[in-house]
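Q: requesting a structural model of the entry that follows:
(2 chains)
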Protein chains: 2
Amino acid sequence: MAANDKTQIILKDSISAELDIDPLTRKHLLRLDEPDLADNRGDVDRLRYALAKKYGLLSVPLDIMNKVSRACREGNWEVTATVGVRQNGYAMIDIHPGDTTSKHLGLAIDIGTTTVVGYLVDMLSGNILDIAADYNGQISYGEDILTRIYTTGEGEGLTLLRSAVLETLNGIIRKLSGSGGFAQRDITAAAIGANSTMIHLLLGLDPSRICLAPYISVVNSPGILTAREVGLDVNPLAPVYCLPGVGSYVGGDVLGGVLVSNMYKSGELALLVDIGTNGEIVMGNSEWLVACAGAAGPALEGGVVKSGMRAEPGAVSEVKIDPDTYSVTYRTIGDITPVGICGSGLVDCLAELFLSGIIDRAGKFKGGVDRFVIVSAGESASGEDIVVTQVDINNLMRTKGAVNAALELLLESVGCGLGELEKFYAAGAFGQYLHLESSITIGLYPDLPRGKMIRLGNSSGEGARQVLLSSDKRRDIESIAKNITYFELNANQTFMNKFVGSKFLPHTNMDYFPTVKARLASRGMLK
Amino acid sequence: MAANDKTQIILKDSISAELDIDPLTRKHLLRLDEPDLADNRGDVDRLRYALAKKYGLLSVPLDIMNKVSRACREGNWEVTATVGVRQNGYAMIDIHPGDTTSKHLGLAIDIGTTTVVGYLVDMLSGNILDIAADYNGQISYGEDILTRIYTTGEGEGLTLLRSAVLETLNGIIRKLSGSGGFAQRDITAAAIGANSTMIHLLLGLDPSRICLAPYISVVNSPGILTAREVGLDVNPLAPVYCLPGVGSYVGGDVLGGVLVSNMYKSGELALLVDIGTNGEIVMGNSEWLVACAGAAGPALEGGVVKSGMRAEPGAVSEVKIDPDTYSVTYRTIGDITPVGICGSGLVDCLAELFLSGIIDRAGKFKGGVDRFVIVSAGESASGEDIVVTQVDINNLMRTKGAVNAALELLLESVGCGLGELEKFYAAGAFGQYLHLESSITIGLYPDLPRGKMIRLGNSSGEGARQVLLSSDKRRDIESIAKNITYFELNANQTFMNKFVGSKFLPHTNMDYFPTVKARLASRGMLK
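A: Got it, this is the predicted structure:
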């Protein structure tokens, strides 16, 4: 994805997202009785009473008490009060003279390890008005999550990482405010989807125990915080809600996918695979949900792959290899001279290398080579070959193997077979870009009837938008987080055994992948 | 009162103050399940669930989330959590490893125009552990309230006045912490009694409309704020509750008296007179309450009276004048060489000057003099006469007249006579020190059977202690504030007429003051 690509859509396939709009903040136009000698209530008290029927006696932060007095007089006792949700009850967030109800802004945020996206949301219609994105400023402290966690252990590391992502976020907010022509404090609510580590780093929480058994977060459900606490440069009293997670490796970004898919409301057995830094999977229906993370480390991130880059202009994002000539056809994002290869290109490569017989079922290059040239030096922007190496493949095989192992373990633990899956949802930072057929070919996604397979797009961002707008959705995701059964696989021996045994393309048991098997057979590649 | 006099008692006459102790914060000793691979709840989530039965899912401010993790591990999953009241619901205020429930501190504060007092309260027993007091640092910006209000209109005036009283308060907190050997953040709750202007200046609220018709406060019931918002150097998350007022001139200090007197719970018709900067009066019983302020300006404050001083060592606090010889007997606070005269001394003077026939019923010196020497230059510390002047008397007559006029107006408006009053409560900064007989003689207090007359001591401070400790008392005072009928007398013509007509000693209608009348008769002073 180009970081500034505003044409990006938040939901790829059409998941219906009809919401009862009941956002984190609401605006109320009030016509107050003018005070006189016989009605000498204080300005704040007068306002509280005017809202008491709906909210009881809400909290009015000291910050805005003087502003209440000014607004009442400037507006000649007609004011617009913004009221927001707190962890318990409600608080006044802002007040303006006159009627400002027609403009009511919120912010949905997706903090990825690599990319941070802010969606400016019209909280009246629920529509996305604008999008701004940028690289996560933490990248300079480490491309992958583990490096960042280690960095927090050194001196002021946690403070630096926190500041870095806040700078990114506040830059995005400035950008939205600048192009939208509104004041940053007009954004009166925010919701954030991110994995557990990103949430810890954003909130300045010590993430060190996330990667130490028994892998305990400081918090999974932060609840409603304020923008001032968090450090977001929007209205300082704005409620900020972080999508809850269920464990150190199944965070709010994944549960955002569960929320957006509506799988928790349906009787159909569904599987959700979230390919981000790791592969997380959630399975279940309206009766039960189980989740786990195939924590095998990053395979698709730009900095990890030899010729890797982020999904931005110049990234090879689609690859075909002619099985007879081994000649490569590719596409780059923006159709420009290729610079490197991004996640979806890499998955395509692995699938094509396998289908062309260049690598074997174990993912090893045949014939003693250790790399394959996708774009030759002469055609590439850098003047160097763009390649896929054995190490790149091994990393990807590990992720795929972890997802396979985790899925098998979940299926066994609930006594279901793959064939019983009625829906499949592809979620996560990479999930929105990977090509379905290639992902199935390498066994990263299960081989189900294609009509049952749905891509959720940026479900972390969309989940954030939904909880920003809907109290039902906030209740739902808290209930999902509370009731989901989490399997910690980090120290699970069964998982390790399955993991070791699952590093074949597409799977040790080819019968799990009937369409891939048929394709290989049609190419005469099955013995 | 000597500012540092720790022997001061908070309640003068014995008002029973039995409270159901349910303070603004509570400590809970928790023994948590240790997390493991099968129970991977986050530390904060674990704590929230442990408290959920009592509090629901309470708010855990970001500030202390890391501390939750540390305390759980340091205490080997035995921790003491401090939970506090918010405007809606509850929040975690602090957490410590192990069992710290035996020490639980709160602070009751009385902010007077002149003196600020802090009471360190044991929130387990309700007892006062220590007292510290100091002059209100705002005095350098003006002795009286109106000067301070005007000061806020100039440049950074409001900021300066706010900082001044915060410096005083935080000095008091440092003093208490230093002598008590505890950390300031161990104070986890505070309650404040003060008049409306003092509350505005403490909270940085614009007080300008307090002295402009229709005399509207920014807020009468601030509700629960936090120490961080207010600027108190105690635990920054501590709930801070200000006693609510009902109007610009009947503030939380006065309602504190109503609360402490229990007059709002009794069927007996009671009158409360609060002599502070002005004279405020409240009348009523469990069925109804009416209140008003006889806003006649300061009469008793040190800086207003020619030889005036605050009630500290060296202040003439008791005066007798021999009606035959006009020779003066006096006492000073601390029994030392006299420095000046304080409020109770001034009231004694006026009573004695009247009873001795030195002034007439209109409060005018007879025989063309304009002052009376209480202490001659040779006996005084300064080497100058300590005197009571006609101007001093005029000021005091005005206050007395305002109280009389307000009382009459209230009595008329509810259709009661003075004789129907069954209880009288003397409250307020000066009320705790004035001598009852002298106050009656000059007509400042009504002439009721002495057994019905009760001095409340520092009822503003005691009111603060009670709401610090009791949710019932908080509900009670909010209900008092909501239901009391307030008469704004500042622009009331009936009041002005009565006021003008009430400047006689003890009253225009001598029959209202039978014991004073009898005394005058016994001295042959009635025609």
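Q: spatially central residue in chain A, please.
A: For chain A, the residue sitting closest to the mean C-alpha position, by CA atoms, centre = their mean, is A:S460 at 3.1 Å.
Q: how about the secondary structure of that residue?
A: helix (DSSP: H, G, I helix; E, B strand; the rest coil).
Q: same question for A:A293.
A: Quick answer, by three-state DSSP: A:A293 is strand.
Q: how many neighbours does it have?
A: By the criterion of other CB atoms under 10 Å in any protein chain shown, A:A293 has 31 neighbours. Glycine gets a C-beta too; all of them are placed from N, C-alpha and C.
Q: residues contacting it?
A: A:A293 makes contacts with A:G247, A:Y249, A:V250, A:N278, A:G279, A:E280, A:I281, A:A406, A:L489, as judged by CB atoms under 8 Å, 6 or more residues apart in numbering or on different chains.
Q: closest to chain B among the residues you listed?
A: Taking CB to the nearest CB as the measure, chain B sits nearest to A:G247 out of the contacts of A:A293, at 4.8 Å.
Q: shaky segments in chain A?
A: A:1-17, A:277, A:295-304, A:527 (pLDDT under 70).
Q: residue contacts, the residue of the stretch 351-500 of chain A found nearest chain B?
A: Going by CB to the nearest CB, chain B is nearest to A:E488 of the stretch 351-500 of chain A, at 4.5 Å. Taking CB under 8 Å, 6+ apart, we find A:E488 in contact with A:P214, A:Y215, A:G247, A:Y249, A:C292, B:L37, B:A38, B:N40.
Q: try 10 Å
A: A:213-216, A:247-250, A:292-293, A:295, A:495, B:36-40 (CB atoms under 10 Å, 6 or more residues apart in numbering or on different chains).
Q: if we can go back for a sec, contact partners for the residue nearest to the centre of chain A?
A: By CB under 10 Å, 6+ apart, A:S460 lies in contact with A:10, A:108-112, A:117, A:192-195, A:198, A:243, A:251-257, A:259-260, A:274, A:276, A:427-429, A:432.
Q: let's see it at 7 Å
A: Contacts were defined as CB atoms under 7 Å, 6 or more residues apart in numbering or on different chains; by that measure A:S460 touches A:D110, A:G193, A:A194, A:D253, A:G256.
Q: can you lay out those as CSV showing distance to chain B?
A: Below are those laid out as CSV (distance: CB to the nearest CB, whole Å):
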residue, distance to chain B
A:D110, 20
A:G193, 17
A:A194, 15
A:D253, 16
A:G256, 17
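Q: list the contacts of stretch A:125-140.
A: Contact partners of stretch A:125-140, identified using CB under 7 Å, 6+ apart, comprise A:3-4, A:6, A:8, A:10, A:19, A:21, A:111-122, A:148, A:161, A:164-165, A:167-168, A:171-172, A:175-176, A:179-180, A:201, A:469.
Q: what does the helix or strand harbouring A:D110 rub up against?
A: For A:D110, the element it lies in under DSSP states H and E is strand A:105-111. Applying CB under 7 Å, 6+ apart, the contact partners of strand A:105-111 are A:23-24, A:116-123, A:136, A:165, A:169, A:173, A:182, A:186-194, A:198, A:202, A:234, A:458, A:460-461, A:464-465, A:468.
Q: inside helices: which ones of those residues?
A: A:V165, A:L169, A:I173, A:M198, A:L202, A:S460, A:G461, A:A464, A:R465, A:L468 (DSSP state H).
Q: any buried residues in whichever strand or helix holds A:L410, and which?
A: A:L410 is part of helix A:390-414 when elements are defined by DSSP H and E. The neighbour-count check on helix A:390-414 (16 or more other CB atoms under 10 Å in any protein chain shown) flags A:390, A:392-393, A:395-411 as buried.
Q: same question for stretch A:158-169.
A: The neighbour-count check on stretch A:158-169 (16+ other CB under 10 Å) flags A:L158, A:L160, A:L161, A:R162, A:S163, A:A164, A:V165, A:L166, A:T168, A:L169 as buried.
Q: packing partners for the helix or strand harbouring the fifth one?
A: Assigned by DSSP H and E, A:S163 belongs to helix A:157-180. The helices and strands touching helix A:157-180, judged by 3 or more CB pairs under 7 Å, 6 or more residues apart in numbering or on different chains; DSSP states H and E, are strand A:105-111, strand A:115-122, strand A:128-135, helix A:145-152, helix A:196-203.
Q: one more time with 10 Å
A: Counting contacts by 3 or more CB pairs under 10 Å, 6 or more residues apart in numbering or on different chains; DSSP states H and E, helix A:157-180 is packed against strand A:105-111, strand A:115-122, strand A:128-135, helix A:145-152, strand A:187-194, helix A:196-203, helix A:227-230.
Q: hmm, who's touching the fourth one?
A: I take that to be helix A:145-152. Contacts for helix A:145-152 (CB under 10 Å, 6+ apart): A:113, A:136, A:138-139, A:141-142, A:157-162, A:164-165, A:195-198, A:200-201, A:204-212, A:249, A:276-278, A:297-298, A:301, A:303.
Q: what's the angle between it and helix A:196-203?
A: Counting by axes from the mean of the first three to the mean of the last three CA atoms, to 10 degrees, helix A:145-152 lies at 30 degrees to helix A:196-203.
Q: dump helix A:145-152 to PDB, restricted to CA.
A: Once non-C-alpha atoms are left out, helix A:145-152 reads as follows in PDB (Å, rounded to 0.1, in the frame of the first residue of the first chain):
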ATOM      1  CA  ILE A 145       8.400  -6.400  17.200                       C
ATOM      2  CA  LEU A 146      10.900  -8.300  19.200                       C
ATOM      3  CA  THR A 147      13.700  -5.800  18.500                       C
ATOM      4  CA  ARG A 148      11.400  -3.100  19.700                       C
ATOM      5  CA  ILE A 149      10.500  -4.900  22.800                       C
ATOM      6  CA  TYR A 150      14.200  -5.400  23.600                       C
ATOM      7  CA  THR A 151      14.800  -1.700  22.900                       C
ATOM      8  CA  THR A 152      12.400  -0.800  25.700                       C
END
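Q: distance from the chain centre to it, please.
A: Distance, stretch centre to chain centre, for helix A:145-152: 19 Å (CA atoms, centre = their mean, to the nearest Å).
Q: go on, the fifth one?
A: When distances are taken as CA atoms, centre = their mean, strand A:187-194 is centred 13 Å away from the chain's centroid.
Q: sorry, back to before: the contacts of A:E488 in helices, which ones?
A: Residues from these lying in helices, with DSSP H as the criterion: A:F495.
Q: which among the contacts of A:E488 end up buried?
A: By neighbour count, with 16+ other CB under 10 Å, these hold A:214-216, A:247-250, A:292-293, A:295, A:495, B:37, B:40 as buried.
Q: out of these, which comes closest to B:G378?
A: Nearest to B:G378 out of the buried ones among the contacts of A:E488 is A:I216 (CB to CB; 80.1 Å).
Q: phi and psi next, for that closest one.
A: Taking degrees, to the nearest 10, you get phi -110, psi 130 for the backbone angles of A:I216.
Q: would you confirm that it contacts A:G245?
A: No. The pair A:I216 / A:G245 is not scored as a contact, 11.9 Å apart, by CB atoms under 10 Å.
Q: common neighbours of these two, please.
A: In contact with both A:I216 and A:G245: B:G42, B:D45, using CB under 10 Å, 6+ apart.
Q: what ranges do the helices span in the stretch 301-450 of chain A?
A: With DSSP state H, counting those that start in this stretch, the ranges of helices along the stretch 301-450 of chain A come out as A:343-355, A:390-414, A:436-441.
Q: the second one near chain B at all?
A: Yep, that's helix A:390-414 we're talking about. No. Helix A:390-414 lies out of reach of chain B by CB under 10 Å from any CB of the partner chain, never closer than 12.9 Å.
Q: just how off-centre is that helix within its chain?
A: Helix A:390-414 sits 20 Å away from the centroid of its parent chain (CA atoms, centre = their mean).
Q: next: the last one.
A: Using CA atoms, centre = their mean, the distance from the centre of helix A:436-441 to the centre of the chain it belongs to is 21 Å.
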